[in-house]
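I'll drop the sequence and a predicted model, then ask my questions.
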Amino acid sequence: MALFDSFLHKKKKFRAACHITKEPLETGFGYLLSTPEVIQSKKYWDMVMTEPETMAYTVSHFRQQANGTHMRTLIFEKHASVSKPWIVSDSVINYFDVDKSRAREHAKKWWEAEGQYALPLTTPADSAFHQWKEYAILEAGRARVAL
């Protein structure tokens, strides 16, 4: 009976996947970023706004159709409102202008806390936030759209 009880109460191993690519991460690997660090990246927004799921909105936006711009606004707001830190993989860390060693150290703490580690709260200045919002909504992906 004791063996059966230990089987039923066995703790599941904590696992994680990159918040961006969804690829599984090995325990202890990856980088931990805050939402402000994520949204302050042109490379990230160019990728997000030209993914297969969002490309139609990008094309609509650059063809001056309000529904495309509206959807891109919703996409930005969804990403900018994430309150938890982002665990990201080696394959996308170069999209962000961050201190990789610091992001790696935070990721280690995040793994040790099984995803319950919170980064120190930082927010961009209102002007910087507006600049990144404007880029994400109005400019991201322009080079990939043939009009």
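Yep, it's here. Numbering: from 1, shown residues only.

use CA for all of it now, contacts and neighbours both
Fine.

At which residues are the helices of the chain located?
2-8, 35-39, 42-48, 55-62, 66-80, 100-112, 126-134 (DSSP state H).

To P24, which of these lies closest?
Minimum separation from P24 across the helices of the chain (CA to CA) falls at helix 100-112, 13.4 Å.

Show me what the closest one is packed up against.
strand 31-33 (3 or more CA pairs under 8 Å, 6 or more residues apart in numbering; DSSP states H and E).

next one: the strand it packs on to chain centre, how far?
9 Å (CA atoms, centre = their mean, to the nearest Å).

returning to that earlier point: to C18, which of the helices of the chain lies closest?
Going by CA to CA, the one of the helices of the chain nearest C18 is helix 100-112, 11.5 Å.

Go ahead and name everything in contact with that closest one.
Applying CA atoms under 8 Å, 6 or more residues apart in numbering, the contact partners of helix 100-112 are 27-33, 87, 93, 116-119.

again with stretch 117-137
33-34, 36, 39-42, 45-46, 49, 69, 72-73, 76, 84-85, 106, 109-111.

just the buried members of those?
Buried members of the contacts of stretch 117-137, scored by 16 or more other CA atoms under 10 Å, are 33-34, 36, 39-42, 45-46, 49, 69, 72-73, 76, 85, 106, 109-111.

Is it correct that E23 is in contact with A17?
Yes - counting by CA atoms under 8 Å, E23 does reach A17; the two are 5.2 Å apart.

So between those two, which is more surrounded?
A17 (17 against 13; other CA atoms under 10 Å).

where does this protein dip in pLDDT?
Applying pLDDT under 70 to the chain flags residues 1-11, 121-125, 147.

sorry, back to before: who wins for proximity to G141 among the helices of the chain?
Among these, helix 42-48 comes nearest to G141, with 4.6 Å by CA to CA.

before we move on, the earlier item: and the contacts of helix 100-112 as a markdown table, adding distance to E53?
What follows is these, written out as a markdown table (distance: CA to CA, whole Å):
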| residue | distance to E53 |
| --- | --- |
| T27 | 30 |
| G28 | 31 |
| F29 | 28 |
| G30 | 25 |
| Y31 | 25 |
| L32 | 25 |
| L33 | 24 |
| I87 | 22 |
| I93 | 22 |
| Q116 | 30 |
| Y117 | 31 |
| A118 | 30 |
| L119 | 30 |
